[in-house]
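1. sharing a sequence plus its predicted fold:
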Amino acid sequence: METWFIIVLISLCISAVLKTIFNIILSLSLSTSGHQKKLPPGPPTVPDIGNLLWLRTVFSEFPSTLRSLRAKYGPIFTLWVGSRPAIFIGTPTLAYRALVQNGAVFADRPEALAAGKIISNHQRNISSAGYGPTWRLLRRNLAAEILHPSLARSYSATRQ
């Protein structure tokens, strides 16, 4: 095998191990100091991988898995998808309270990762901008200029 390939492979392995150790130390220090965000309960996770639940279930069995998690952890629980939390709400009344009554609190998007910031121009496009004046301006321009019915008719030849 080529020497450069072995060096790159060893470097990647060392960096992955160091990142995992750093994440474990950081999560332990945050949990003891109390600065960790309060999230609903959920199954145990592995740093940077998330819940192993995703790896062992088939997509068709996923609703029954969610029902069993709801029975075990309550109507609101957290599953980790990689390094991001996904919070599941299991009752219509709680969903109404979270999304309608407290909609402005939960309307914002998470901060993009470094690669995502490059792709989304620092979250300045309509699909990734945070909820606020920038997003409202982008939405207004999209609805008034691009998706206006008279302009949509002018695009019909291209769509066909």
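-> Thanks, I have it. None of these values were measured; they are calculated from a predicted model.
2. which helix or which strand is home to L79?
-> Counting by DSSP states H and E, the element that carries L79 is strand 76-81.
3. what of L66?
-> Since the elements are taken from DSSP H and E, L66 ends up inside helix 62-73.
4. can you map out the helices along this protein?
-> 3-33, 53-56, 62-73, 92-96, 103-106, 114-119, 133-141, 149-154, 156-159 (DSSP state H).
5. distance to P85 for these - can I get that in JSON lines?
-> For glycine as for every other residue, the C-beta is placed from the backbone atoms N, C-alpha and C. Formatted as JSON lines, the helices of the chain follow (distance: least, C-beta to C-beta, whole Å):
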{"stretch": "helix 3-33", "distance to P85": "13"}
{"stretch": "helix 53-56", "distance to P85": "13"}
{"stretch": "helix 62-73", "distance to P85": "13"}
{"stretch": "helix 92-96", "distance to P85": "17"}
{"stretch": "helix 103-106", "distance to P85": "13"}
{"stretch": "helix 114-119", "distance to P85": "17"}
{"stretch": "helix 133-141", "distance to P85": "22"}
{"stretch": "helix 149-154", "distance to P85": "38"}
{"stretch": "helix 156-159", "distance to P85": "39"}
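6. so which of these is nearest L79?
-> L79 lies closest to helix 53-56 among the helices of the chain, at 6.7 Å (C-beta to C-beta).
7. how far does stretch 96-113 sit from its chain's centre?
-> When C-alpha coordinates are averaged (C-alpha atoms, centre = their mean, to the nearest Å), stretch 96-113 and its chain have centres 13 Å apart.
8. average model confidence for it?
-> What stretch 96-113 shows for mean pLDDT is 83.
9. try stretch 61-77
-> 89.
10. just how off-centre is it within its chain?
-> Taking C-alpha atoms, centre = their mean, one finds the center of stretch 61-77 at 19 Å from the center of the full chain.
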